[in-house]
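J.: below: sequence and its predicted model.
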Amino acid sequence: MNAGDELPPLELEITRTLIVAGAIASRDYQDVHHDAELARQKGSPDIFMNILTTNGLVGRYITDHFGPTAVLRRVAIRLGAPNYPGDTMVLRGTVEEVDDDTATVRVVGANSIGRHVTGTVTVTVPAGTTATVPSAGPA
């Protein structure tokens, strides 16, 4: 891993099930993450993904690339455009800095309406392990 390396993009289909399951798994019972009618009453066109699900998907993107021995040291993200059902988010990453076995990766996730997430992840990859290519499988 070297500064400037680009991680392969990861496309994630944003389904209603992914949004609701992520909200349940993170114990975020805000109605805007599971009830379309109440979300509309609050001014949203539909339910939308919560930040904890996004955080988990960013972590998955990094560990899918760097492998099962990778250790996430810090994940700092900021949300932008919402992830609504029926859209696709594409995560992309660029290694910004490498210090021995630790890298800082800039991550951007965009959907059809703009940037959903931006941030940095600090990851340690123990010596002797290699990076892998992320799958485009189910989120």
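T.: Structure's in. What do you need? Residues are numbered from 1 along each chain as shown.
J.: which residues touch residue 98?
T.: 1-3, 104 (Cβ atoms under 8 Å, 6 or more residues apart in numbering). For glycine as for every other residue, the C-beta is placed from the backbone atoms N, C-alpha and C.
J.: ok, of the residues you listed, which come out buried?
T.: If you count burial by 16 or more other Cβ atoms under 10 Å, the buried members of these come out as 1, 104.
J.: where do the helices sit along the chain?
T.: Applying DSSP state H to the chain gives helices spanning 16-25, 36-41, 51-66.
J.: among those helices, which is the most enclosed?
T.: helix 51-66 (a mean of 20; mean count of other Cβ atoms under 10 Å).
J.: tell me what it is packed against?
T.: Secondary-structure packing of helix 51-66 (3 or more Cβ pairs under 8 Å, 6 or more residues apart in numbering; DSSP states H and E): strand 6-14, helix 16-25, strand 71-79, strand 87-99, strand 102-111, strand 114-124.
J.: what's the most buried one of those?
T.: Scoring the helices and strands packed on helix 51-66 by mean count of other Cβ under 10 Å, the most buried comes out as strand 102-111, with a mean of 20.
J.: who touches it?
T.: With Cβ under 8 Å, 6+ apart as the criterion, strand 102-111 contacts 1, 7, 14, 54, 57-58, 61-62, 66, 73, 77, 81, 83-84, 87-98, 115-125.
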